[in-house]
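1. Sequence first, predicted model second:
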Number of protein chains: 2
Amino acid sequence: MSITSDLLRGHTDTIILKHLLKNDSYGYEINKSIQEKTQGRYELKEATLYSAFRRLEETGLISSYWGDETTGARRRYYTITGSGKSVYSKNLTDWNEAKEIIDELIKEECK
Amino acid sequence: MSITSDLLRGHTDTIILKHLLKNDSYGYEINKSIQEKTQGRYELKEATLYSAFRRLEETGLISSYWGDETTGARRRYYTITGSGKSVYSKNLTDWNEAKEIIDELIKEECK
DNA sequence: CCTAGATACCTTGACAGACACAGTATAACG
DNA sequence: CGTTATACTGTGTCTGTCAAGGTATCTAGG
């Protein structure tokens, strides 16, 4: 991973929720998708990913079911809930605000 | 604080380093400055701030000295080191990259 | 047939940053 | 003389991330 994980910290849940907006998905696929989108600059570590699933399910933002694959490894699919969708929206808003604040606080003034 | 602290996590050091670029400063002043700049939307908790100072000093990014105030509470002033300046620059670069990655990963596609 | 690699998931334990809470001390103001 | 503002410090806790290990299935190559 090329960028420090602390900068991504706190975004894991939002990243997952975003991936589930379009359609149900499962851990491995979400992670592959993240790697492709970022050209390998970022990947969720498995432990991080699956512990995020647990957290999100416990707080009711996603729900899950086992896929009915007759072949290959089993997959646990996740669905975003209504509450998950509104948390996603709020996180997007928060992120836009945070971005501004951080920029303001760390950018060098030119004078 | 209006935004969740996890979004700011990892930026504390950079925020402090940035404040020390212009001139030496001390904890209380830095925090006041942050609150003013963000119109109270963000403040570093004292424990966070002072433990960051300790961390930064241990890793040689800043150095410190006691002010010679003859009146009022004592102040510990901090100075950014050369190494601190280059870490600051790197953090700025990292942040710009992280911003793009996060945006790409959490923004809803319109189709 | 056997093995390596890709797919897919899970658990445990440790770490580090942020914070709540508590404490210390000085000066100004009514 | 008590409150508020200034200014710093220490202890202990919480939470997200990750390293490291494990399980199981399918595919392709030798």
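-> Yep, it's here. Numbers count the residues shown, from 1 in each chain, chains lettered A, B, ... in the order given.

2. Every contact and neighbour count from this point should use C-alpha atoms.
-> OK.

3. for chain B, what are the nearby residues on chain A?
-> A:3-4, A:6-11, A:14-15, A:18, A:34, A:37-38, A:92, A:94-95, A:97-99, A:101-102, A:104-108 (Cα under 8 Å from any Cα of the partner chain).

4. can you tell me which of these are in helices?
-> The helices, defined by DSSP state H, take in A:6-8, A:14-15, A:18, A:34, A:37, A:92, A:94-95, A:97-99, A:101-102, A:104-106 from these.

5. Buried only: go through those for me.
-> A:7-8, A:14-15, A:18, A:34, A:92, A:95, A:98-99, A:101-102, A:105-106 (16 or more other Cα atoms under 10 Å in any protein chain shown).

6. biggest separation within these, which pair?
-> A:Ile34 and A:Leu105 (28.5 Å; Cα to Cα).

7. secondary structure class for A:Tyr77?
-> Of the three states, A:Tyr77 takes strand under DSSP: H, G, I helix; E, B strand; the rest coil.

8. Show me what from chain A comes close to DNA strand C.
-> Contact residues (Cα under 7 Å from any atom of the strand) of chain A with DNA strand C: A:26-29, A:46-47, A:50-51, A:72-77.

9. Among these, the buried ones, what's the PyMOL command?
-> The buried residues among those can be selected in PyMOL (16+ other Cα under 10 Å) with this line:
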select buried, chain A and resi 26+27+75+77
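
10. Lowest-confidence entry in the residues of chain A next to DNA strand C?
-> Sorting those by pLDDT puts A:Gly72 at the bottom of the list (76).

11. Quick check: it is in a helix.
-> No - counting by three-state DSSP, A:Gly72 is not found in a helix; it is coil.

12. That one and DNA strand D, how far apart?
-> A:Gly72 sits 3 Å away from DNA strand D, taking Cα to the nearest atom of the strand, to the nearest Å as the criterion.

13. who's in contact with the residue sitting nearest the centre point of chain A?
-> Geometric centre of chain A, nearest residue: A:Ile15, 2.1 Å, by Cα atoms, centre = their mean. Listed by Cα atoms under 8 Å, 6 or more residues apart in numbering or on different chains, the contact set of A:Ile15 reads B:105-106.

14. so what does the helix or strand of chain A with the lowest mean pLDDT touch, helix or strand wise?
-> When each helix and strand of chain A is scored by mean pLDDT, DSSP states H and E, helix A:5-8 comes last, with a mean of 81. Applying 3 or more Cα pairs under 8 Å, 6 or more residues apart in numbering or on different chains; DSSP states H and E, one finds that helix A:5-8 contacts helix B:82-106.

15. and the helix it packs on, is it in reach of chain A?
-> Yes - on the criterion Cα under 8 Å from any Cα, helix B:82-106 is in touch with chain A at B:92, B:94-95, B:97-99, B:101-102, B:104-106.

16. possible to save those as JSON lines with distance to DNA strand D?
-> Formatted as JSON lines, the residues of helix B:82-106 next to chain A follow (distance: Cα to the nearest atom of the strand, whole Å):
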{"residue": "B:Leu92", "distance to DNA strand D": "19"}
{"residue": "B:Asp94", "distance to DNA strand D": "14"}
{"residue": "B:Trp95", "distance to DNA strand D": "15"}
{"residue": "B:Glu97", "distance to DNA strand D": "15"}
{"residue": "B:Ala98", "distance to DNA strand D": "13"}
{"residue": "B:Lys99", "distance to DNA strand D": "15"}
{"residue": "B:Ile101", "distance to DNA strand D": "14"}
{"residue": "B:Ile102", "distance to DNA strand D": "12"}
{"residue": "B:Glu104", "distance to DNA strand D": "16"}
{"residue": "B:Leu105", "distance to DNA strand D": "13"}
{"residue": "B:Ile106", "distance to DNA strand D": "13"}
